[in-house]
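In: Show me the folded form of this:
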Amino acid sequence: MEPATRHSLVLRLKNHEDEEAWAEFVRIYEPLIFALAKHRGIQEADAQDLCQDVFQAVASAIERWDPDRAKGRFRAWLFRIARNHLLKMLERQRRHGRGTGGTRAQQMLEAYPQAESAIQAEFVAAFKRRAFQWAADEVRGEFTTSTWQAFWKTGVDNLRVRDVARDLRLSEGAVYIARSRVLARLRAAVQRLTTDIDFDPGEGSHGNR
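Out: Below is the predicted model:
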């Protein structure tokens, strides 16, 4: 089944009985929230609890989310929820002197306002990586091994086209065509996943000429 676009997926979340939409939403975002917690020094079990807290908060608040882009992106809305629950967890751990440790939790709480923009940028970067991974998994089976390798080696590993062409026994033109075909499909897959972030699957990995 073709995945829902991000916009339609979020709208489907308003139906709490839409198990397929919620499963896809969790599959996309749980690794991002988990990593956000782990990078702040949260222990694994607590990071898992944080994910559950965030998803429960989303379920409670999704009816109030407004898809009007002028009022902010869904990604930013979700980040604020994750941030608030992370701060609450850090504060609880500071009070009880456990988990990350009282002193360390206090240090993170004090530093958090200054570091928030960097943490949000980290969240966005993690989403971009997740979107690329999700799209790659979705379209990989549509291409032959040589086509996929031509794209991956030049577009991700940044190897020179002429070297890849030689290794795969393809013409340089065929390598360029293969890369272009895969990139087009990746962009289409990402477009189905998200409409609220400017993301080019080739960003940072346009390959060598």
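In: how distant is stretch 64-83 from the center of its chain?
Out: Distance of stretch 64-83 from its chain centroid, counting by C-alpha atoms, centre = their mean, to the nearest Å, is 15 Å.
In: any idea of the mean pLDDT for it?
Out: Stretch 64-83 carries an average pLDDT of 77.
In: Only alpha carbons, please: show that stretch as CSV.
Out: Provided in CSV are the C-alpha atoms of stretch 64-83 (Å, rounded to 0.1, in the frame of the first residue of the first chain):
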residue,chain,number,x,y,z
ARG,A,64,-6.0,21.1,18.2
TRP,A,65,-3.2,20.9,15.6
ASP,A,66,-3.9,23.4,12.8
PRO,A,67,-2.5,22.4,9.3
ASP,A,68,-2.2,26.1,8.4
ARG,A,69,1.5,26.5,7.5
ALA,A,70,1.3,30.1,8.6
LYS,A,71,0.8,28.8,12.2
GLY,A,72,3.9,26.6,12.1
ARG,A,73,5.0,23.3,10.8
PHE,A,74,3.9,20.0,12.3
ARG,A,75,7.5,19.1,12.9
ALA,A,76,8.0,22.2,15.1
TRP,A,77,4.8,21.4,17.0
LEU,A,78,6.0,17.8,17.6
PHE,A,79,9.4,19.1,18.7
ARG,A,80,7.9,21.4,21.3
ILE,A,81,5.9,18.5,22.7
ALA,A,82,9.0,16.3,22.9
ARG,A,83,11.1,19.2,24.3
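In: Which of the residues in it are classified as buried?
Out: Residues of stretch 64-83 classed as buried by neighbour count (16 or more other C-beta atoms under 10 Å): 65, 73, 74, 75, 77, 78, 79, 81, 82, 83. For glycine as for every other residue, the C-beta is placed from the backbone atoms N, C-alpha and C.
In: same question, stretch 160-169
Out: Neighbour counts using 16+ other C-beta under 10 Å place 161, 164, 165, 168 of stretch 160-169 among the buried residues.
In: Identify the residues contacting the third one.
Out: For residue 165, the contact set (C-beta atoms under 8 Å, 6 or more residues apart in numbering) comprises 150, 171, 172, 174, 175.
In: same thing but at 10 Å, please
Out: The neighbours of residue 165, taking C-beta atoms under 10 Å, 6 or more residues apart in numbering as the test, are 150, 153, 154, 171, 172, 173, 174, 175, 176, 178.
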